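A.B. asks: Predicted structure and sequence below. I'll ask about it afterward.
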Amino acid sequence: MKSSVPKVCGISLLLLLFSGCSQQEYVPLIQGPYLGQLPPGTTAELFAPEVFNEGEYLGCSGFFNKGTVFIFGSMKPKSDWRLRPVYIMEMKKNGRWTKPQIAPFSKYAPYNFTVGPDDQTLYFTTLKSPDKTTHMFGEQANIWAVKLEANGWTEPVMFGRSINTERYYENYPSVTNDGTIYYMSRREEGAGRTDVWRSPNLDGVYGEAENLSDFANTEGSDIDPFVAPDESYLIVCQDREGGFGDFDLYVYFQRDDKSWTDAVNLGEEVNSAGFEARPYVTPDGKYLFFTSNRKESEGGEGIYWVETGVIDRLGPEGIR
């Protein structure tokens, strides 16, 4: 897939993000980088609790455009998680953040996504049919991309058959600097129920999908893979013996010879007795974001963040 897609012409980014608003509405007292939050240390903290509603079920999140655009998924209790609305906030020149508004591409129901290393592209999972004519959501989810350019969001584009399939779902895409894409898929030839797969970018053409069962996949479900832009590490959500809760975040490090280490639990500073998922590292490399339903989430599912030092300190000697 090419990195550029047709532009949405004649419409400013402002109108795309906040169509129908006669003037900008700001979130009270939310000003500065990362929604004005005090940066966390090496123990995960709930992110921006004053922005979100109590009991809200938050999904993926990410910062774009040098930290000036924030995107997140959210839904109310008992609603359809597969059609989780996606919202966008923007930091204006005065440092203040606008109130969340529905993303212009929300009709595609991008329920899982990550921001690419270019700081402009959103890689997401959606229905094969964005018009929702099928109810076979879980078995027909495919990977798409949409890009934020100077004059607005491009039209979303679906990846080809070397990544997406007709029968099985492809989900939670994460992309490296060279365009290699990691994702999870529930294909019959996998090691478990859901496996991590990788499709290399070969001069702009994606090669055959590779199953990572040689080091990463288990007999259970291995979900929500996030790969570092330089492919130095891979974070996967897994339910392994000896973990802290239902599913924990584990990291694999790639050695200079391209082999990978065994899984390393990110520890109690990140994981809990709850379900940790949707890992994502900000384009500036400073913070790891993820979701958790731990008790601090007040009955819902919250977004948490922590310094990426919790990853770096676990890398053994000899890691590039």
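C.D. replies: Done, it's in.

A.B. asks: How about the contacts made by Pro40?
C.D. replies: Listed by CB atoms under 8 Å, 6 or more residues apart in numbering, the contact set of Pro40 reads 287, 305-307. In this view, the C-beta of every residue, glycine as well, is placed from N, C-alpha and C.

A.B. asks: And those residues, which two are furthest apart?
C.D. replies: Taking CB to CB as the measure, those reach their widest spread between Trp305 and Glu307, a distance of 8.5 Å.

A.B. asks: With neighbour numbers in mind, choose between the two.
C.D. replies: Trp305 (22 against 18; other CB atoms under 10 Å).

A.B. asks: The more buried one sits in which helix or strand?
C.D. replies: strand 302-307 (DSSP states H and E).

A.B. asks: what is the mean pLDDT for that strand?
C.D. replies: The average pLDDT within strand 302-307 is 96.

A.B. asks: again, but for stretch 279-296
C.D. replies: 94.

A.B. asks: All further residue positions should be reported with the first residue as 35.
C.D. replies: From this message on, residue numbering opens at 35, which makes the last subject stretch 313-330.

A.B. asks: Buried residues, that stretch. List them.
C.D. replies: 313-317, 321-328 (16 or more other CB atoms under 10 Å).

A.B. asks: And the contacts of Pro74, which is closest to Asn251?
C.D. replies: Nearest to Asn251, judged by CB to CB, of the contacts of Pro74 is Val340 at 25.5 Å.

A.B. asks: neighbours around that closest one, how many?
C.D. replies: Residues within reach of Val340, counting by other CB under 10 Å, total 22.

A.B. asks: Run through the residues that contact it.
C.D. replies: Neighbouring residues of Val340 by CB under 8 Å, 6+ apart: 74-79, 303-304, 321-322.

A.B. asks: for Phe81, same thing?
C.D. replies: Contacts of Phe81 by CB under 8 Å, 6+ apart are 69, 71, 95, 323, 336-339.

A.B. asks: just to revisit the earlier point, shared neighbours, Trp339 and Glu341?
C.D. replies: Residues touching both Trp339 and Glu341 (CB under 8 Å, 6+ apart) are 74, 321-322.

A.B. asks: okay, which residue is most central for the chain?
C.D. replies: Centroid-nearest residue in the chain, with CA atoms, centre = their mean: Thr148, separated by 3.0 Å.

A.B. asks: so that residue is in which element?
C.D. replies: strand 146-149.

A.B. asks: what about the chain, any weak spots by pLDDT?
C.D. replies: 35-58, 60-62, 111-117, 161-174, 332-333, 351-354 (pLDDT under 70).

A.B. asks: try 50
C.D. replies: Across the chain, the ranges flagged by pLDDT under 50 are 35-58, 168-171, 352, 354.

A.B. asks: And the helices in it?
C.D. replies: Counting by DSSP state H, the chain has helices at residues 47-51, 343-346.

A.B. asks: Could you give me the buried positions within the last one?
C.D. replies: By 16+ other CB under 10 Å, the buried positions in helix 343-346 come out as 344-345.

A.B. asks: Near the closest residue to Val304 other than its chain neighbours, how many other residues are there?
C.D. replies: What sits nearest to Val304 in space, not counting adjacent residues and going by CB to CB, 6 or more residues apart in numbering, is Ala78, at 5.2 Å. Residues near Ala78, counting by other CB under 10 Å, number 27.

A.B. asks: Verify the contact between Ala78 and Tyr338 for me.
C.D. replies: Yes. The pair Ala78 / Tyr338 is scored as a contact, 4.5 Å apart, by CB atoms under 8 Å.

A.B. asks: sorry, back to before: distance to Lys127 added to the contacts of Pro74, as a markdown table?
C.D. replies: Below are the contacts of Pro74 laid out as a markdown table (distance: CB to CB, whole Å):
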| residue | distance to Lys127 |
| --- | --- |
| Tyr321 | 23 |
| Trp339 | 25 |
| Val340 | 29 |
| Glu341 | 28 |
